[in-house]
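1. have a look at this prediction, sequence included:
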Amino acid sequence: MICSSLNSSRERIKARRGVMPLTTDYLSLSSRVCFFRVGEFNSNVRFSLRRRRVGNTCCKASLITSSDSFEVGKLIGSYGFMNISSYSGTQSSIDMEYLSGDIGRLRAQDVGEGSVKIRLYEGRIAQGPLRGTPVIFKVYPGQRVGGLEADLMAANELSAHASLQNNSKSISCPNIQILLGGFEIKSGEQWLAFRNDGKYTAADYTKFASEKMSKYSEVGGQKFWNPFEKDETIKRRRYFVTKLLQGVISGLAYMHDHDRLHQSLGPASVVLNTMVEKDAMYLVPKLRDLAFSVDIRFSELEGNSSGLSDGLWRRASASGAFSPMEKRAFGIADDIYEAGLLLAYVSFIPFCEAGVMDSLSLRRLLENTFRLDVQAMREYCLADDRLLEAVKFLDLGNGAGWELLQAMLNRDFRQRPIAEAVLNHRFMAGAFL
């Protein structure tokens, strides 16, 4: 059941995972959106989102609990999960596009594909006060297909959103995706319904931007770019990326303030309502994919951990964090480290031509080649003209971007800034744009 207790599991899921889009084919089906009632999809629908406890969290959020209240549209994509062992033997995760060639090149890290595959559908609410509201369905496979892990992930994502939305101030944070409800069908699949605030992700945007850089740089086989057009494009891009980062860190700060870690932060876990750089002032990034989120209330840290967080606490122990307060600090710092990798990703990929840099190569440079020495990496990148615009972006404010990146990737977790401090950093303020 979707609300089964996480602590009841005897199995332990090793190491947290980064979320990656395996396929996103928006043109694979007819552009005409044909909806059908969920009740028609399976006449024997079992639903379990009643008010009950989910891993010690009471679901008081006003979630829609009737399958008849939803209509399902076309399939729009799917997710897979990837395990990556990171710098100095620790476990870490980042969202990335699934490229088998990249995996082969990642020699210093262990990469493995997870077993849970998640489907995404368009839909809408069919009745009630929210009738007509567009939604995105996130479908977890049942135990027969996805095993116990799939149920644990679905229950944990429900628990995380319920706890974050079970607060009168939750509306004050627009940077977290909103869960509207969900249901379970006879086959055991868990359907979670999120408000549709955009189909694009930060990964989609960076890919689009890098391809645009290539398009502008080559005309008739020769390098050509109108200087004025280039300057305006770079200015807009810098502002868009900064606005994107502000939204991400704002959402992360809200989660930490409400005793939740994200634990799978990356470009594919950030939803965007627009990819048009001219519309940056209307950009509202939202964090999603809370299947690996961890409850860091002290009452939870003093007890037994759930299977989904075992890897995190093993790494905490290896780093000397044993008490509940130390474990909480380590968990927050671990999220900050992932946010630092995301900062590097969106600072490089959109400012380089397609194929010059990818997420795995960037991570390998930071963690393996330069051992998190950001200034050494800057010198390396400065010698490559293809990376010049990325270097210039992080150089703004007398190297403010590099300064922030180094702080977020500090080897000592105790020295990393909290999300609020990152948000208030001079580079994030955008004063140089």
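-> Looks like it arrived, so ask away. Numbers count the residues shown, from 1 in each chain.

2. burial measure for E122, as a count.
-> 20 (other Cβ atoms under 10 Å). Bear in mind the C-beta positions are built from the backbone N, C-alpha and C, glycine included.

3. excluding its backbone neighbours, what's nearest it?
-> G73 (3.7 Å; Cβ to Cβ, 6 or more residues apart in numbering).

4. how many residues are close by F322?
-> 12.

5. shouldn't L365 be within a helix?
-> Yes. L365: assigned to a helix according to DSSP: H, G, I helix; E, B strand; the rest coil.

6. confirm for me that it is in contact with A376.
-> No. Here L365 does not reach A376: they are 9.8 Å apart, not a contact under Cβ atoms under 8 Å.

7. settle it for me: which of the two has more neighbours?
-> Between L365 and A376, counting by other Cβ under 10 Å, L365 is the more crowded of the two (17 against 13).

8. mind checking how far the closest residue to the more buried one other than its chain neighbours is from N398?
-> Leaving out its chain neighbours, the residue that sits closest to L365 by Cβ to Cβ, 6+ apart is M377, at 5.9 Å. Applying Cβ to Cβ, to the nearest Å, the value for M377 to N398 is 18 Å.

9. which one's more surrounded, those two?
-> More neighbours surround M377 than the other of M377 and N398, with 21 against 9 (other Cβ under 10 Å).

10. give the contact list for the more buried one.
-> Shown in contact with M377 (Cβ atoms under 8 Å, 6 or more residues apart in numbering): 365-366, 369-370.

11. as a check, name the ranges of all helices in the protein.
-> Ranges of helices within the chain are 38-41, 100-105, 143-165, 202-217, 227-257, 298-301, 310-318, 324-348, 359-364, 374-382, 388-408, 419-423, 426-429, based on DSSP state H.

12. K117: which of those is closest?
-> Comparison of the helices of the chain against K117 by Cβ to Cβ identifies helix 143-165 as nearest, at 7.3 Å.

13. gap between that closest one and the chain center?
-> 16 Å (Cα atoms, centre = their mean, to the nearest Å).

14. what is that helix packed up against?
-> Applying 3 or more Cβ pairs under 8 Å, 6 or more residues apart in numbering; DSSP states H and E, one finds that helix 143-165 makes contact with strand 53-54, strand 57-58, strand 134-140, strand 179-184, strand 190-195, strand 260-261, strand 294-295.

15. any chance of those in JSON lines, plus distance to A316?
-> Shown next, in JSON lines, are the helices and strands packed on helix 143-165 (distance: least, Cβ to Cβ, whole Å):
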{"stretch": "strand 53-54", "distance to A316": "24"}
{"stretch": "strand 57-58", "distance to A316": "22"}
{"stretch": "strand 134-140", "distance to A316": "27"}
{"stretch": "strand 179-184", "distance to A316": "28"}
{"stretch": "strand 190-195", "distance to A316": "29"}
{"stretch": "strand 260-261", "distance to A316": "11"}
{"stretch": "strand 294-295", "distance to A316": "11"}
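
16. just the pLDDT for the residue nearest to L365.
-> Per-residue pLDDT puts M377 at 97.

17. what's the spacing between it and T369?
-> 8 Å.

18. what is the least confident helix or strand in the protein?
-> Sorting the helices and strands of the chain by mean pLDDT, DSSP states H and E puts helix 100-105 at the bottom, at a mean of 35.

19. on that earlier part again, how many residues are close by the residue nearest to E122?
-> 19.

20. now do L405
-> L405 sits with 23 neighbouring residues when counted by other Cβ under 10 Å.

21. same check on the one 5 residues further on?
-> For N410, the number of neighbouring residues by other Cβ under 10 Å comes to 17.

22. surely it meets V374?
-> No. Assessed by Cβ under 8 Å, N410 is found out of contact with V374, at 9.8 Å.

23. now the most centrally placed residue in the chain: closest residue in space, sequence neighbours ignored.
-> Central residue of the chain (Cα atoms, centre = their mean): S269, 2.2 Å from the mean position. Distances taken as Cβ to Cβ, 6+ apart place D289 nearest to S269, at 4.1 Å, with adjacent residues excluded.

24. so what's the gap between stretch 244-260 and the chain middle?
-> That offset, for stretch 244-260, works out to 12 Å (Cα atoms, centre = their mean).

25. give me the buried positions along it.
-> For stretch 244-260, a neighbour-count test (16 or more other Cβ atoms under 10 Å) marks 244-256, 258-260 as buried.

26. which of those residues sits closest to A344?
-> Within the buried residues of stretch 244-260, proximity to A344 (Cβ to Cβ) peaks at L245, which comes in at 11.0 Å.

27. returning to what we had before: CSV for the helices and strands packed on helix 143-165, including mean pLDDT?
-> Output for the helices and strands packed on helix 143-165, formatted as CSV (pLDDT from 0 to 100):
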stretch, mean pLDDT
strand 53-54, 38
strand 57-58, 40
strand 134-140, 96
strand 179-184, 94
strand 190-195, 96
strand 260-261, 98
strand 294-295, 96
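
28. do you know which of these lies nearest H425?
-> strand 260-261 (20.7 Å).

29. adjacent strands (with direction) for the closest one?
-> Strand 260-261 has its sheet partners listed here by DSSP bridges as strand 294-295 (antiparallel).

30. output stretch 339-348 as PDB, nothing but the C-alphas.
-> Extracted as PDB, the C-alpha positions of stretch 339-348 are listed here (Å, rounded to 0.1, in the frame of the first residue of the first chain):
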ATOM      1  CA  ALA A 339      23.400  21.800  -5.000                       C
ATOM      2  CA  GLY A 340      27.000  22.800  -5.700                       C
ATOM      3  CA  LEU A 341      27.300  20.200  -8.400                       C
ATOM      4  CA  LEU A 342      24.100  21.600  -9.900                       C
ATOM      5  CA  LEU A 343      25.600  25.100  -9.700                       C
ATOM      6  CA  ALA A 344      28.600  23.800 -11.700                       C
ATOM      7  CA  TYR A 345      26.300  22.100 -14.200                       C
ATOM      8  CA  VAL A 346      24.100  25.100 -15.000                       C
ATOM      9  CA  SER A 347      27.200  27.400 -15.100                       C
ATOM     10  CA  PHE A 348      28.900  25.300 -17.700                       C
END
